[in-house]
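1. A predicted structure for the sequence below; I have some questions about it.
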There are 2 protein chains.
Amino acid sequence: MSTFYDDPVHLVRGEGAWVWGADGRKYLDCYNNVPHVGHCHPRVVDTICTQAATLNTHTRYLHDNILDYAEALTALFADPISTAIFTCTGSEANDIALRMAAVATGNTGIIATDHTYHGNTTAVAQLSCTNPPPGGAGDHIAFVPAPDSYRPLGGISGAPHAQAFAKSIEIQIATLKARGHGLAALIVDPFFANEGFPDLPTGWLDPAIAVVRAAGGVIIADEVQPGFGRLGSHMWGHERIGFLPEIITIGKPMANGHPVGAVLTSAELNSKFRTSFRYFNTFAGNPVSCAAALATLKVVQDERLMENADIVGKYARAGLRDLATRHPCIGDVRGSGLFFGVEFVLDQTTKNPATNFTKRIANAMRERGVLLNFLGVHYNVLKMRPPLVFNADNVNFMISTLDAALSDTPLA
Amino acid sequence: MSTFYDDPVHLVRGEGAWVWGADGRKYLDCYNNVPHVGHCHPRVVDTICTQAATLNTHTRYLHDNILDYAEALTALFADPISTAIFTCTGSEANDIALRMAAVATGNTGIIATDHTYHGNTTAVAQLSCTNPPPGGAGDHIAFVPAPDSYRPLGGISGAPHAQAFAKSIEIQIATLKARGHGLAALIVDPFFANEGFPDLPTGWLDPAIAVVRAAGGVIIADEVQPGFGRLGSHMWGHERIGFLPEIITIGKPMANGHPVGAVLTSAELNSKFRTSFRYFNTFAGNPVSCAAALATLKVVQDERLMENADIVGKYARAGLRDLATRHPCIGDVRGSGLFFGVEFVLDQTTKNPATNFTKRIANAMRERGVLLNFLGVHYNVLKMRPPLVFNADNVNFMISTLDAALSDTPLA
């Protein structure tokens, strides 16, 4: 595996928003969304220990945990989303979602953005333009340019940007029909995390969704990154941008690191999928996985971590905007809740991406004890996505460290 | 999900080879290989608790556990099998294995038996003839008749049976070449578990393997069911039948229920795969998963569970053969180590499968407190695959219960 940073971090311990290296050094974790409610949250750990010591088996037997969790989880979605199929990973969830969309529509064509990532299975890995499989994706997949609020399509933000996105989808629908696949689904992360989380207003996706549905397709919302309250304002990315998908996939933060994912949909589509495909997953939905996921969800709710994400995220972006007044390399500050970052440019007028500089800053921050990373279409967006227990002190440390790193790192 | 048994079991607790229902009733678990070293083995549970409370993160950071486990695991295989890629499930492992075979050969054609199962992803689920996806498998997949030692191909067992199997592979290689796919791999469970674990001697697969390799293909051994000492005589199914595959996949029993799988291969092929496909799996190889897997492996070794599987399995088959002298419905007793069963027939001469009877016996055993299930080409093979801590007392209880169930259940 390729590791993060020029000098990889060797970790041995984690607690809350902090991790410790083998050399005893402490790092502020501004990046990991998997430990959603904080590294080694005692309530989640205790739940895993208790259930692992009691029973762990599969879903061919009855068990209360899968029912309790499925009820708590589906209660977080609007009608008709009322069922869940559990998996072990977000990749497995998206792999099911593609088949579900085919069952729903009778078609196989899939549209994704040209800078997304939806997982690692043979079927799902083809949805990546940035790391395509040898020979490229199958011709049942078509890509559209990723939205970019800092450099909007056609140079105009707001409604024209949204219309341009919808237009490019319309063109690819025609392509998929011409190739004989028809349209099954548009699959999107409704926060466009890998695309660099552009700042898109509520309703921005409406024109695109209308085009997809008019063509008989469904929307798969990949909530693996934005879900479970991270965005502060809403529990889910699709709520924030204002629509209800037919199919929703979740994963990473769901059980604070225990391998759990799921696909949610209506009872009707779930049933159609179940009768078309025999699907069984040995480890998925087991008593330990469901206990860990339920404990994680309860911590989010009981510790009001969505509200914390909202408050602390706003404070962090205010701090970054203040930094931007002193560091012209910061072209844009954006995000929602505890998913935010800054886009580095060589020049604020030309918006030329400062790609190499961004990588150097990520490494400089690691050297100074702050873990974060970068992404976006030009790989010039510093990505921060800390555990939801991140607080104002953590923000202050991150901002002051970034201030120093920016001051000491030459732009060119 | 469809559950086991006409009256599904609602489980609440497990310990060793026993599980308890919500009504307090105790069941002997003769079926579950996932709790490989026994339900809730304290050493595995303690390891999971300790690591979950210390750190759980992904493989973009360095951590000792993945290295310690990878070293312990790869030491169990002959050269040149020396590397592992970790996953969360056996399905994910097989999904990688197919891509690895394509990288190794430049071809995409896959041959499997007509009664196998290798997992649930879009790519891998197509390898099932018994539960095919809508529209069937892609035409890059070809099936050959499953081996059957009780009703051998062409009616002759031993070498002619093995030659007939190899011949059917040869025919399908030609089919795949004619379709333009060429041959990438033969994928087999070397114990043919889903096919009804036919009794095949060492070397039986040699003619088939020779045909595959002569055509430039590789062998993927799916060790998800037979692996980790279950067969008593050997750690792996491929060792028992006497060959070394190019690619090996493992899963279910690997971490006693914690979601862990892996693909093993040579350093050369691993490297080829890595450079052709970007593969990252967020949960796979994490510190908790690797700790759980290492603890499970150490229990297998320290408690000499492979030896136990050998001794107790032989004792169980002797008991079943004794039962067969009094119950003519038992047409065949077979298996290896703690993977064994009996094949029920309506008539020992015609060998007509007693399919409905077998299902009734599985349900009758559940009513009498023994959990097992059935499979095989005719679904008339009672399948027993208990945790490896299964002992002689457990065998005695299973045999006496089966004796009573057979006496009380009419064959027709």
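-> Structure received. Numbering: from 1, shown residues only, chains lettered A, B, ... in the order given.
2. Just give the closest residue to A:Ala166, not the sequence neighbours.
-> Leaving aside its sequence neighbours, A:Ala166 sits nearest to A:Pro207 (CB to CB, 6 or more residues apart in numbering or on different chains; 3.6 Å). Yep, even glycine has a C-beta here, placed from its N, CA and C like the rest.
3. OK, contacts around the one you found?
-> Contact partners of A:Pro207, counting by CB atoms under 8 Å, 6 or more residues apart in numbering or on different chains, are A:Ala162, A:Gln163, A:Phe165, A:Ala166.
4. now with 10 Å?
-> A:Pro207 sits next to A:Ala159, A:His161, A:Ala162, A:Gln163, A:Ala164, A:Phe165, A:Ala166, A:Lys167, A:Ile169, A:Glu170 when contact means CB atoms under 10 Å, 6 or more residues apart in numbering or on different chains.
5. Just the buried subset of those, please.
-> Buried members of the contacts of A:Pro207, scored by 16 or more other CB atoms under 10 Å in any protein chain shown, are A:His161, A:Ala162, A:Gln163, A:Ala164, A:Phe165, A:Ala166, A:Lys167, A:Ile169, A:Glu170.
6. so which helix or strand takes in the first one?
-> Yep, that's A:His161 we're talking about. helix A:159-178 (DSSP states H and E).
7. State the next helix or strand along the chain beyond that helix.
-> The helix or strand immediately downstream of helix A:159-178 is strand A:183-188, counting by DSSP H and E.
8. could I have that following strand exported to PDB, CA atoms only?
-> Provided in PDB are the C-alpha atoms of strand A:183-188 (Å, rounded to 0.1, in the frame of the first residue of the first chain):
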ATOM      1  CA  LEU A 183     -29.900   4.800 -18.000                       C
ATOM      2  CA  ALA A 184     -30.000   3.000 -14.700                       C
ATOM      3  CA  ALA A 185     -28.600   5.600 -12.300                       C
ATOM      4  CA  LEU A 186     -26.700   8.800 -11.600                       C
ATOM      5  CA  ILE A 187     -24.400   7.900  -8.700                       C
ATOM      6  CA  VAL A 188     -23.200  10.900  -6.700                       C
END
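9. partners of it in the sheet?
-> strand A:109-113 (parallel), strand A:218-222 (parallel) (DSSP bridges).
10. Out of the contacts of A:Pro207, which is nearest to B:Asn194?
-> Set against B:Asn194, the nearest of those by CB to CB is A:Ile169 (42.5 Å).
11. what's around the residue lying closest to A:Pro147 once chain neighbours are set aside, how many residues?
-> Spatial nearest neighbour of A:Pro147, chain neighbours left out: A:Pro198 (4.9 Å); criterion: CB to CB, 6+ apart. For A:Pro198, the neighbour count with other CB atoms under 10 Å in any protein chain shown is 23.
12. re the thing from before, pick the one among the buried ones among the contacts of A:Pro207 closest to chain B.
-> Nearest to chain B among the buried ones among the contacts of A:Pro207, counting by CB to the nearest CB, is A:Ile169 at 23.1 Å.
13. which residues does A:Gly158 contact?
-> A:Ser149, A:Pro152, A:Leu200, A:Pro201, A:Trp204.
14. Local confidence estimate at the fourth one?
-> Read that as A:Pro201. In this model, A:Pro201 is scored at 95, pLDDT.
15. backbone phi and psi for the residue lying closest to it once chain neighbours are set aside, please?
-> When the adjacent residues along the chain are set aside, A:Pro201 lies closest to A:Gly158, with 7.4 Å between them (CB to CB, 6+ apart). In terms of degrees, to the nearest 10, the main-chain angles of A:Gly158 are phi 70, psi -140.
16. Pick out the lowest-pLDDT one from the contacts of A:Pro207.
-> A:Ala159 (88).
17. Would you convert the contacts of A:Gly158 into JSON lines that also reports distance to A:Leu176 and secondary structure?
-> Formatted as JSON lines, the contacts of A:Gly158 follow (distance: CB to CB, whole Å; DSSP: H, G, I helix; E, B strand; the rest coil):
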{"residue": "A:Ser149", "distance to A:Leu176": "27", "secondary structure": "coil"}
{"residue": "A:Pro152", "distance to A:Leu176": "25", "secondary structure": "coil"}
{"residue": "A:Leu200", "distance to A:Leu176": "24", "secondary structure": "coil"}
{"residue": "A:Pro201", "distance to A:Leu176": "28", "secondary structure": "coil"}
{"residue": "A:Trp204", "distance to A:Leu176": "23", "secondary structure": "coil"}
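18. Could I get the residues you listed in CSV, plus columns for neighbour count?
-> Shown next, in CSV, are those (neighbours: other CB atoms under 10 Å in any protein chain shown):
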residue, neighbour count
A:Ser149, 19
A:Pro152, 18
A:Leu200, 23
A:Pro201, 15
A:Trp204, 23
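19. can I get the residues you listed in TSV with distance to B:Arg60?
-> As requested, the contacts of A:Gly158 are arranged in TSV below (distance: CB to CB, whole Å):
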residue	distance to B:Arg60
A:Ser149	28
A:Pro152	32
A:Leu200	28
A:Pro201	33
A:Trp204	31
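20. Out of those, the closest to chain B would be?
-> Of the contacts of A:Gly158, the one sitting nearest to chain B (CB to the nearest CB) turns out to be A:Leu200, at 25.3 Å.
21. re earlier: may I ask you to confirm that the residue nearest to A:Ala166 belongs to a helix?
-> Yes. According to DSSP: H, G, I helix; E, B strand; the rest coil, A:Pro207 belongs to a helix.
22. quick one: it and A:Ile219, what's the gap?
-> 13 Å (CB to CB, to the nearest Å).
23. residue ranges of the helices in the stretch 1-150 of chain A, please?
-> A:42-52, A:64-74, A:90-105, A:122-125 (DSSP state H, counting those that start in this stretch).
24. circling back to that earlier point, okay if I get the strands paired with strand A:183-188 as a markdown table plus mean neighbour count and mean pLDDT?
-> Formatted as a markdown table, the strands paired with strand A:183-188 follow (neighbours: other CB atoms under 10 Å in any protein chain shown; pLDDT from 0 to 100):
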| stretch | mean neighbour count | mean pLDDT |
| --- | --- | --- |
| strand A:109-113 | 27 | 98 |
| strand A:218-222 | 27 | 98 |
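25. any residues touching stretch A:353-361, and which ones?
-> With contacts defined as CB under 10 Å, 6+ apart, stretch A:353-361 is touched by A:5-6, A:150-151, A:329-331, A:341-347, A:364, A:372-383, A:402, A:405-406, A:409-412.
26. The helix or strand hosting A:Met365: how far from the chain's middle?
-> Per DSSP H and E: A:Met365 is located in helix A:355-367. With CA atoms, centre = their mean, to the nearest Å as the basis, helix A:355-367 stands 22 Å off its chain's centre.
27. Could you tell me the average pLDDT over it, please?
-> Per-residue scores along helix A:355-367 average to 98.
28. What of stretch A:141-155?
-> 92.
29. Point out the other helices and strands that the helix holding A:His161 packs with.
-> strand A:109-113, strand A:141-144, strand A:183-188, helix A:206-214 (3 or more CB pairs under 10 Å, 6 or more residues apart in numbering or on different chains; DSSP states H and E).
30. Return the set of buried residues in the longest one.
-> By that I understand helix A:206-214. Buried residues in helix A:206-214 (16+ other CB under 10 Å): A:Pro207, A:Ala208, A:Ile209, A:Val211, A:Val212.
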